[in-house]
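Engineer: I would like to see how this sequence folds:
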Amino acid sequence: MKRPNFLFIMTDTQATNMVGCYSGKPLNTQNIDSLAAEGIRFNSAYTCSPVCTPARAGLFTGIYANQSGPWTNNVAPGKNISTMGRYFKDAGYHTCYIGKWHLDGHDYFGTGECPPEWDADYWFDGANYLSELTEKEISLWRNGLNSVEDLQANHIDETFTWAHRISNRAVDFLQQPARADEPFLMVISYDEPHHPFTCPVEYLEKYTDFYYELGEKAEDDLANNRNITAYGRRRCHRQSVMTGFITIRSILPAMTLLMTKSDGSSTP
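Structural biologist: Presented below is the predicted three-dimensional model:
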């Protein structure tokens, strides 16, 4: 019996009230809505963490972050922890991951290095994407282009976006003749709609007059929590130390120049 293929499509930071099939609002999410209509919707599925890396660790390892290791961003799972890629590869599947990873212990963009359980020919994390851009394009992408005027002035179209390039690689993978002969697991991990919110003009214009309705404010007693207030004091102290350091660093060249002038030295 032929084994099934698995295609996992993932978006980032997308609330259910921003998908048409869940919100009942006239949102332009026809493709997602179509998949939902033809498949199964899990209405009681919740992320195990509100933070990116721990949440992704839960998805791809199947265990909680306190078991796998990453309790916050930029902390990788333990070396003894396997992801679904390892399990599928060991089972004889061709494993392909395209897009945002954020499980390597580094920053948001990644390192560009493919973990051994995935196909390196199709690996395309944030570092790989940035490596294809010019310095100007990197600056534009990281700082965000949030107005129609900015997008038009910089001639931004679909080919510029990370999502478009991820999709192109996914289509290329699926069109390879080998796909008919071997089972595969492919993860398509889009960064969007996570900031910096860079998209082609025609998509931005669709939501020019859109109003995002905020939910109810949660009530809590964190202001009176001893651990929270202690953490706040530490952050305040650290900020004051950093402010002092930055101030000293900014005046150091001038002070060094003044001192070398006074002692007769010709070099700082």
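Engineer: What's the local residue count around D181?
Structural biologist: 8 (other CB atoms under 10 Å). The C-beta positions use only the backbone N, C-alpha and C, and glycine is treated the same way.
Engineer: the strands in the stretch 101-250 of the chain, which residues?
Structural biologist: For the stretch 101-250 of the chain, the strands identified by DSSP state E, counting those that start in this stretch occupy 184-189, in order along the chain.
Engineer: need the helices for it, in chain order.
Structural biologist: Taking DSSP state H, counting those that start in this stretch as the criterion, the stretch 101-250 of the chain contains helices spanning 126-131, 135-143, 148-153, 162-175, 201-205, 226-262.
Engineer: What helices and strands are in contact with the fifth one?
Structural biologist: In other words, helix 201-205. Applying 3 or more CB pairs under 8 Å, 6 or more residues apart in numbering; DSSP states H and E, one finds that helix 201-205 makes contact with helix 148-153.
Engineer: Pull the distance from stretch 161-169 to the chain's centre.
Structural biologist: When C-alpha coordinates are averaged (CA atoms, centre = their mean, to the nearest Å), stretch 161-169 and its chain have centres 14 Å apart.
Engineer: Enumerate the positions of that stretch that are buried.
Structural biologist: Buried residues in stretch 161-169, defined by neighbour count with 16 or more other CB atoms under 10 Å: 161-163, 165-167, 169.
Engineer: With stretch 185-194 instead?
Structural biologist: Buried residues in stretch 185-194, defined by neighbour count with 16+ other CB under 10 Å: 185-192.
Engineer: ok, those vs L103, which is closest?
Structural biologist: When those are compared for distance to L103, the smallest value, 10.3 Å, is given by S189; criterion: CB to CB.
Engineer: shouldn't that closest one be in contact with G110?
Structural biologist: No - using CB atoms under 8 Å, S189 is not in contact with G110; the gap is 10.9 Å.
Engineer: so what sits against both of the two?
Structural biologist: With contacts defined as CB atoms under 8 Å, 6 or more residues apart in numbering, the residues shared by S189 and G110 are 100-101.
Engineer: Nearest the geometric middle of this structure, what residue?
Structural biologist: Nearest residue to the geometric centre of the chain (CA atoms, centre = their mean): D191, 4.8 Å.
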